[in-house]
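Enquirer: Sequence and predicted model, in that order:
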Amino acid sequence: MDLNKLGTYTPALLRDTTCHEAAVLIPLIETSEGYDVLFEVRSSKIAEQPGDICFPGGAMEEGEGRTQAAVRETCEELLTKPEQIEILGPSDFFHNFGIVIYPSVGILKDYDGGFSTDEVSEVFRVPLSFFMENEPEFHCNEWVVKYDPSFPYELVNGGKDYKWRKMIQEHPFYFYENRVIWGITARMLYGFVKVLKSTD
């Protein structure tokens, strides 16, 4: 046992063994008036959140870095090449209820609007200035603990009557034309915009 290891240790996020890690790209497209943010609409063929608005991304593979995963997934979903993506840097990551998502911000160059129909039903763009000028609406919901018969309640003070901490999740909502951007995508976008505003 070497306690001196703590002096050089870089802290990591504590997570359980079932935690899912993913990486996404927040893609920016340069225009004559600034930058647009590119969004995907998830295909109806996908089991999880079909039809939701999201950023390109997905699960990290073994030994893969966060940015590397974001670029790979973007190329697969938007039919681009790695050299078309200029990574600007990371943004604040999301962690909640068994999932960690690491966003990177990058400029997507020479994009022709294509996408893989296996994963994406459409793409659309929103001027970055819209998010800089408009705050989201926030709405909350409460997560309730569901009892599992295999859980060792006899080892917990209070047993099945244990007072689990109330979990309230706050969701930002952006409304742009006929689009509703909410959930984790809106949360990561909100974090990215906060970084931009803090440097003005």
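Expert: Now that the structure is in, tell me what you want to look at.

Enquirer: From here on, just use CA atoms for contacts and neighbour counts.
Expert: Fine.

Enquirer: pretty sure V145 is in a helix, no?
Expert: No. Counting by DSSP: H, G, I helix; E, B strand; the rest coil, V145 is not found in a helix; it is coil.

Enquirer: ok, how many other residues are close to it?
Expert: Counted with other CA atoms under 10 Å, the neighbours of V145 add up to 10.

Enquirer: Leaving out sequence neighbours, find the closest residue to it.
Expert: Nearest-residue entry for V145: W164, 7.5 Å, with adjacent residues in sequence omitted and distances by CA to CA, 6 or more residues apart in numbering.

Enquirer: distance of the one you found from V144?
Expert: Counting by CA to CA, to the nearest Å, the gap from W164 to V144 is 9 Å.

Enquirer: looking at the protein, which helix or strand is least sure?
Expert: Lowest on mean pLDDT, DSSP states H and E among the helices and strands of the chain sits strand 94-96, with a mean of 81.

Enquirer: Note down every partner strand of that one and its orientation.
Expert: Here strand 94-96 has these sheet partners by DSSP bridges: strand 99-108 (antiparallel).

Enquirer: Pull the distance from stretch 167-176 to the chain's centre.
Expert: From the chain centre to the centre of stretch 167-176 is a distance of 13 Å (CA atoms, centre = their mean, to the nearest Å).
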